[in-house]
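Enquirer: quick one, what's the 3D model for this:
(one chain, ligands or ions: 1)
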Amino acid sequence: MKLHIYEHCPFCIKAQMIFGLKGLPVTFHVLLNDDVTTPTEMVGKKMVPILEKDDGKYMPESMDIVHFIDSLDGQPWITQRQNKLLNQWFSDVAEVVHKLVIPRNPQIAFQEFATQAARDYFTVAKTQMIGDFSEHLERSKSYLAVLNPALRQLEPWIESERAVNGELSIDDFQLFSMLRTLSVVKGVEYPAKVEAYRQRMAELTELPLWDEKAL
Ligand SMILES: N[C@@H](CCC(=O)N[C@@H](CS)C(=O)NCC(=O)O)C(=O)O
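Expert: Residues are numbered from 1 along each chain as shown. Below you'll find the predicted structure:
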């Protein structure tokens, strides 16, 4: 099977995670960010992740892909356990995370940004959503002053470094994908349990963190 992705994309990370967790073979194929044609031909619009199945059919939607792959062996691992507090926390931090992560993405050597045209496409589209990238980069310190204390709120909710709710749940897909995207940001302070969680999940999912590339 082939999974079409952008490396920076949190939805793609969710879909990538299940292959590593279950030890299933897959090829990750990174599309250029300004390639509208390829995903549109596959699923009718420019959107990733897209799973290309062995029978040539395409499946969009990250969590549909996750559940499809998880169920392939007839023994799905993902439980329905969810922490409502964690869900509220994701909404509360979403804006500051976007303002820290998105302006940094085209400066990281992700394959979807291999050309200037691809970087420009992303910058124009996302500037319309979140505003000027250089202004956000300049305000990083004030965003970190909000995010770093918020990360400390996660500590009591992390039941295990292998699974935030004690057993693998959709919250892990949300939390690890967010923490991995955040690893492009310098100056994020991870409290001990959050650090243990993101390191362990990076191993289990076979998706390394980007701390060394952080800006
Ligand atoms: N609901 C979709 C959302 C996927 C999504 O929004 N992907 C973004 C990339 S992070 C995308 O393809 N956006 C269109 C674009 O980048 O032009 C899912 O969970 O897979």
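Enquirer: what's in contact with stretch 96-103?
Expert: Applying C-beta atoms under 8 Å, 6 or more residues apart in numbering, the set of residues contacting stretch 96-103 from outside is 8, 126, 129-130, 133-134, 136-137, 139-140, 143-144, 146-147, 150, 178, 181-182, 184-185. All C-beta atoms are positioned from the backbone trio N, CA, C, and that covers glycine.
Enquirer: recalculate using a threshold of 10 Å.
Expert: Residues from elsewhere that reach stretch 96-103 (C-beta atoms under 10 Å, 6 or more residues apart in numbering): 8, 10, 90, 93, 108, 122-123, 126-127, 129-140, 142-147, 150, 178-179, 181-188, 215.
Enquirer: repeat for stretch 141-156
Expert: 85-86, 89, 92-93, 95-101, 136-137, 140, 164, 175, 179, 182, 185-195, 197.
Enquirer: now do it: distance to the chain's middle.
Expert: How far stretch 141-156 lies from its chain's middle: 18 Å, per C-alpha atoms, centre = their mean, to the nearest Å.
Enquirer: CA atoms of it as CSV?
Expert: Only the C-alpha atoms of stretch 141-156 are listed here, as CSV (Å, rounded to 0.1, in the frame of the first residue of the first chain):
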residue,chain,number,x,y,z
LYS,A,141,8.4,34.3,22.4
SER,A,142,4.9,35.5,23.4
TYR,A,143,3.3,32.4,21.9
LEU,A,144,5.7,30.1,23.8
ALA,A,145,4.8,32.0,27.0
VAL,A,146,1.3,30.7,26.4
LEU,A,147,2.1,27.3,25.2
ASN,A,148,4.8,26.2,27.7
PRO,A,149,2.5,26.5,30.8
ALA,A,150,-0.3,24.8,28.8
LEU,A,151,1.9,21.8,28.1
ARG,A,152,2.2,21.3,31.9
GLN,A,153,-1.6,20.8,32.1
LEU,A,154,-1.1,17.5,30.1
GLU,A,155,1.0,15.9,32.8
PRO,A,156,-1.8,14.4,34.9
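Enquirer: buried sites along that stretch?
Expert: Residues of stretch 141-156 classed as buried by neighbour count (16 or more other C-beta atoms under 10 Å): 143, 144, 147, 151, 154.
Enquirer: buried among the contacts of stretch 141-156? Make that a ChimeraX selection.
Expert: Buried residues within the contacts of stretch 141-156, by 16+ other C-beta under 10 Å, are selected in ChimeraX with:
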select :86,89,93,96,97,98,99,100,101,136,140,164,175,179,182,185,188,190,191,193,194,197
